[in-house]
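Q: Predicted model and sequence below, questions to follow.
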Amino acid sequence: MFSMEHMVMNLKSMTIDALMGLRAKIDAVLNSKVAGERRALETELAKLTRFESGSRAKTGDRPRRTGQGGAQIPQPGKPQGNLGGPWA
């Protein structure tokens, strides 16, 4: 796109109009790159959505859960077991 020679600029010596023009050019380049990346991401997201909807068609709306989860670790400072609740 630009060679390194074009990238070296003395911003302190540029006029306000030149700086504003440079900003407009930079904004245009960045906006076009963002738009391209957005299109690429939306395409990938559409592929994933199609893949996900195809795989869930066999199992229902939600993924199936297996097992009871993991062992629960007691929290420090809380009594173990049922002591009648907070009103006891």
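A: The structure has been received and is ready for your questions. Residues are numbered from 1 along each chain as shown.
Q: From here on, just use CA atoms for contacts and neighbour counts.
A: Noted.
Q: Can you list the low-confidence ranges for this protein?
A: 1-7, 55-72, 74-75, 78-88 (pLDDT under 70).
Q: Would you tell me which helix is longest in it?
A: Longest helix in the chain, counting residues (DSSP state H): helix 16-59.
Q: and it, what other elements does it pack with?
A: Here helix 16-59 touches no other helix or strand, going by 3 or more CA pairs under 8 Å, 6 or more residues apart in numbering; DSSP states H and E.
Q: The chain should start at 349 in everything you say after this.
A: In the new numbering, first residue 349, that becomes helix 364-407.
Q: Distance of Ile421 relative to Leu393?
A: Distance, Ile421 to Leu393, using CA to CA, to the nearest Å: 37 Å.
Q: Between these two, which is the more surrounded one?
A: Leu393 (12 against 6; other CA atoms under 10 Å).
Q: Next one: that one from Gly402, what distance?
A: In this view, Leu393 and Gly402 are 14 Å apart by CA to CA.
Q: what's the answer for Arg386, then?
A: Counting by CA to CA - Arg386 and Gly402 are separated by 24 Å.
Q: Ok, Ala376 next?
A: Distance of Ala376 to Gly402, computed by CA to CA: 39 Å.
Q: what do you get for Leu396?
A: 10 Å.
Q: and if you look at Lys360?
A: 58 Å.
Q: before we move on, what about Thr391?
A: 17 Å.
Q: and what of Ile421?
A: 38 Å.
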